[in-house]
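Asker: sequence and predicted structure are below.
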Amino acid sequence: MTQTPAYGLSVRWSLAQAPADVADQLRDYVVGTSLGRFSGMAGLRFKTWRMREGEWFEGTYVWGGAAERDAFATEFTATAAESPGSRIIGSAPVSIEPFEVVAVAEGGVGFAAGGGCGGG
């Protein structure tokens with residue numbers, strides 16, 4: 001099996017002090033705007049938006065190269081406090097962390113782009 005390098009970046013916000021309707025606002029923003037921005041982005045393998053209502057919201061990026069990941073991380077970090085997610089949540093990310101992607105397995109259902117289940 002051939003190994004394909006991949007380089008991750010995690011950006012996480014706390015939702016502990018966020019407005020009551022922040023989960024719906026984030027879903028609307030991600031599906032209505034952010035999904036289109038990252039679909040087909042050069043150098044990006046995929047991005048996943050994850051959330052635990054009332055706890056945290058996270059963007060998880062997997063890049064094809066360290067240079068692409070690091071360039072995005074540098075650019076994003078410089079403006080993170082003013083990013084759309086930060087404006088919606090009302091605070092800057094609590095962490096921006098690069099990580100190693102050891103492997104990715106595609107399950108029998110396959111990958112799909114688009115909105116999630118809308119809660120839970």
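Answerer: Perfect, thanks for sending it. Numbers count the residues shown, from 1 in each chain.
Asker: now do the helix ranked longest in the chain: everything it contacts.
Answerer: Longest helix of the chain, by residue count under DSSP state H: helix 66-79. The contact list for helix 66-79 (C-beta atoms under 8 Å, 6 or more residues apart in numbering) reads 7-9, 11, 42-44, 61, 63, 83, 96, 98. C-betas here are computed from N, CA, C, even on glycine.
Asker: and the helix or strand following it, how far from the chain's centre?
Answerer: Using DSSP states H and E, the next helix or strand after helix 66-79 towards the C-terminus is helix 84-89. Put simply, helix 84-89 sits 13 Å off its chain's centre (C-alpha atoms, centre = their mean, to the nearest Å).
Asker: tell me the mean pLDDT over the helix or strand that comes right after helix 84-89?
Answerer: Next along the chain after helix 84-89, taking DSSP H and E as the criterion, comes strand 95-100. Averaged across strand 95-100, pLDDT comes to 97.
Asker: so what touches strand 95-100?
Answerer: Against strand 95-100 from outside (C-beta under 8 Å, 6+ apart): 7-12, 69-70, 73, 76-77, 80.
Asker: just checking: what are the partner strands of it?
Answerer: For strand 95-100, the paired strands and their directions (DSSP bridges) are strand 7-14 (antiparallel).
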